[in-house]
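1. what follows is a predicted protein model with its sequence.
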Amino acid sequence: MAGDTRWSSHLRSVSSLIKIFGPACEVLLKIIDVGTTSSQRAKADSVYQVMTSVEFVFILHLMKETMQIIDHLYQELQSKSQNILNAMNLVSSTKASIQQYRGDKWDDLLTNVKSFCEKRNIDVPDMNTRYVERRVELLILGSPLDPRAARESFRINDICQLVNKFYPQDFIDFEKEQLEIELNHYKHNVVQHSSFQALSNIFGLCQWLVSTRKSTIYQLVFRVIVLVLTLPVSTAATERAFSAMNIVKIRIRNKIEDEFLMNSLIVYIEREVAATISIDSIIDGFRDSKTQRVPF
């Protein structure tokens, strides 16, 4: 079965491995202890280390769920006589099922993986839930800016909420009010544009807006798009740093040295922490660090 290239055989293999996961691990442990050769024991140990990792368990369950969704489509496409219209309908429904799984069943998958690991004493590392939840929320709120999602549903409220929750320092209050108005014009004049229909990602959208000069007409929307586009390399700290730089290094202080600028930015960015430090403690710390010529 494992050598069969048909999709259903792979689904059966993955499902079987999940069912016999415990006995399979016991066999590997037996080979590690009493294997006939050192090479055999080393290979068994290597396989065992991979199988008992949370990454392997996660991929194993994800493959099973994905293959189950696609299996019906695959079975129909393998039939000798095929109706093209029915095949296209199956492709559409399969795509919709996968999308629904991503939206509604992801938490269930993570719960199943965690439960599976706990029953078999597989360590599940701390996933930093709070960070993941905020990152996922950010991606969900920013998804309407993606041309593919925008064509289906351009959710203005989500974009406004994105700005208020994640980029409050990049927009003044007046700009936040104007953003909603601008988004309504953007929805009718950009999303409905014929050329917009050919765009497939946010990066292409950004380039198209610049080339058509619509970025100057919808400056606030373009600013949000640029912020979302920098997500892979951005963090909350760097976003706050760029916003703070516009405040600290203004035109009349454009020759400020890097060291002084960095120190000023740290105090501004981490102002919540700085507020807990009293001036007296700073003076005491400076005095105790080394002997000063002028006593305090």
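-> Done, it's in. Residues are numbered from 1 along each chain as shown.

2. so residue 90 makes contact with residue 71?
-> No - here residue 90 lies out of contact with residue 71, judged by Cβ atoms under 8 Å, at a distance of 11.3 Å. In this view, the C-beta of every residue, glycine as well, is placed from N, C-alpha and C.

3. state the mean pLDDT of stretch 195-207.
-> Per-residue pLDDT values across stretch 195-207 average out to 86.

4. swap in stretch 229-244?
-> 53.

5. quickly find the element holding residue 94.
-> Taking DSSP states H and E as the criterion, residue 94 maps to helix 84-100.

6. and that helix, what does it pack against?
-> Packed against helix 84-100 by the contact rule (3 or more Cβ pairs under 8 Å, 6 or more residues apart in numbering; DSSP states H and E) you find helix 54-77.

7. which parts of the helix it packs on are buried?
-> Residues 54, 57-58, 60-61, 63-65, 67, 69, 71, 73-74 are the ones in helix 54-77 that count as buried (16 or more other Cβ atoms under 10 Å).

8. again with stretch 223-232
-> Within stretch 223-232, the residues that qualify as buried by neighbour count (16+ other Cβ under 10 Å) are 223, 224, 225, 227, 228, 229.

9. got CSV for these, with distance to residue 50 too?
-> Written out in CSV, the entries for the buried residues of stretch 223-232 read as follows (distance: Cβ to Cβ, whole Å):
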residue, distance to residue 50
223, 45
224, 42
225, 41
227, 39
228, 36
229, 36
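
10. the helices in the stretch 1-150 of the chain, which residues?
-> If you assign secondary structure with DSSP state H, counting those that start in this stretch, the helices in the stretch 1-150 of the chain sit at 7-19, 21-34, 38-51, 54-77, 84-100, 106-119, 129-142, 147-152.

11. adding mean pLDDT and distance to residue 207, write those helices out as a markdown table.
-> Converted to a markdown table, the helices of the stretch 1-150 of the chain look like this (pLDDT from 0 to 100; distance: least, Cβ to Cβ, whole Å):
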| stretch | mean pLDDT | distance to residue 207 |
| --- | --- | --- |
| helix 7-19 | 85 | 38 |
| helix 21-34 | 93 | 47 |
| helix 38-51 | 92 | 42 |
| helix 54-77 | 88 | 32 |
| helix 84-100 | 84 | 26 |
| helix 106-119 | 88 | 31 |
| helix 129-142 | 65 | 18 |
| helix 147-152 | 83 | 12 |
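
12. out of those helices, nearest to residue 276?
-> Closest approach to residue 276 among the helices of the stretch 1-150 of the chain is made by helix 129-142 (21.6 Å; Cβ to Cβ).

13. contacting residues around residue 59?
-> Under the criterion of Cβ atoms under 8 Å, 6 or more residues apart in numbering, the contact list for residue 59 is empty.

14. separation between it and residue 45?
-> 20 Å (Cβ to Cβ, to the nearest Å).

15. select, from the buried residues of helix 54-77, the two members most distant in space.
-> Between all members of the buried residues of helix 54-77, the farthest pair (by Cβ to Cβ) comes out as 54 and 73, at 29.9 Å.

16. hmm, back to that, of all the helices of the stretch 1-150 of the chain, which one is nearest residue 170?
-> Minimum separation from residue 170 across those (Cβ to Cβ) falls at helix 129-142, 13.5 Å.

17. for the stretch 151-296 of the chain, what spans make up the helices?
-> For the stretch 151-296 of the chain, applying DSSP H, counting those that start in this stretch gives helices covering 156-166, 173-189, 202-211, 214-217, 219-229, 236-248, 258-269, 271-274, 279-289.

18. which of these sits most buried?
-> Among those, judged by mean count of other Cβ atoms under 10 Å, the one packed with the most neighbours on average is helix 219-229 (a mean of 19).

19. on that earlier part again, mind putting the helices of the stretch 151-296 of the chain into TSV with distance to residue 82?
-> Shown next, in TSV, are those (distance: least, Cβ to Cβ, whole Å):
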stretch	distance to residue 82
helix 156-166	40
helix 173-189	40
helix 202-211	34
helix 214-217	44
helix 219-229	41
helix 236-248	51
helix 258-269	61
helix 271-274	63
helix 279-289	77
